[in-house]
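Q: The amino acid sequence is not available; the structure is as follows:
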């Protein structure tokens, strides 16, 4: 009869061990294994070349901008992304775009790279408000970008995710300084 107590103790220990394992797996599933989309942002933007014409009948601008793009991966796995695009728009009309080359952002890390984009008012269908904006000394552009890829966890799980960017760029026409604000 002494052996029966040992079996009960053994079964109790085994049940406690299984419950502990299940709790650990649940904690990992809700924290480490949760997959988020990467955060795509604009860093420093510089004006490489710049020309404007504030002719009242047809105002225009041409700029070459170099922008630092960051992809922040908050996951515990690598984010591998394919080719993407970044566009700059004036009043909703695209005035410049550039391809984002495929790459990867390591786990819990930020990938940084530079892109150069030519921005031209010749792409505008209407320049009605352009003269007023240029006379104010600040040209406001909208920037958006998207990259799609997969987050790979433990070389087993792969989840499709995408990163998007929605930024506003203000170009000071006198100093050529660019300020960015991303959502």
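A: Nice, I can see it. In this text, all values refer to a predicted model and were calculated from it rather than measured experimentally. Residues are numbered from 1 along each chain as shown.
Q: What residues are bridge-paired with the residue sitting nearest the centre point of the chain?
A: In the chain, the centroid-proximal residue (CA atoms, centre = their mean) is residue 40; its distance is 1.0 Å. For residue 40, the beta-bridge partners are residue 71 (DSSP bridges).
Q: Now do the helices in this structure.
A: 2-30, 130-136 (DSSP state H).
Q: Compare the mean pLDDT across these and name the weakest.
A: Between these, the lowest average pLDDT goes to helix 2-30, which shows a mean of 86.
Q: Quickly list the domain ranges of the protein.
A: For the chain, the structural domains run 1-31, 39-182, going by automatic domain parsing.
Q: Worst mean pLDDT among those domains?
A: domain 1-31 (a mean of 85).
Q: Name the residues of that one that are buried.
A: Within domain 1-31, no residue counts as buried by 16 or more other CB atoms under 10 Å. Every residue, glycine included, has its C-beta placed from N, CA and C.
Q: And stretch 97-114, by the same measure?
A: For stretch 97-114, by 16+ other CB under 10 Å, it's 97, 98, 100, 103, 105, 111.
Q: Go through the domains of the chain and pick out the most buried.
A: domain 39-182 (a mean of 16; mean count of other CB atoms under 10 Å).
Q: Centre of the chain to it, how far?
A: 10 Å (CA atoms, centre = their mean, to the nearest Å).
Q: Quote the end-to-end distance of it.
A: Domain 39-182 has an end-to-end distance of 11 Å (CA to CA, to the nearest Å).
Q: And for stretch 174-182?
A: With CA to CA as the measure, what separates the two termini of stretch 174-182 is 23 Å.
Q: Is residue 113 in contact with residue 66, as I believe?
A: No. Counting by CB atoms under 8 Å, residue 66 is not a contact partner of residue 113; they are 11.0 Å apart.
Q: hey, what's residue 79 bridged with?
A: According to DSSP bridges, beta-bridge pairing links residue 79 with residue 105, residue 151.
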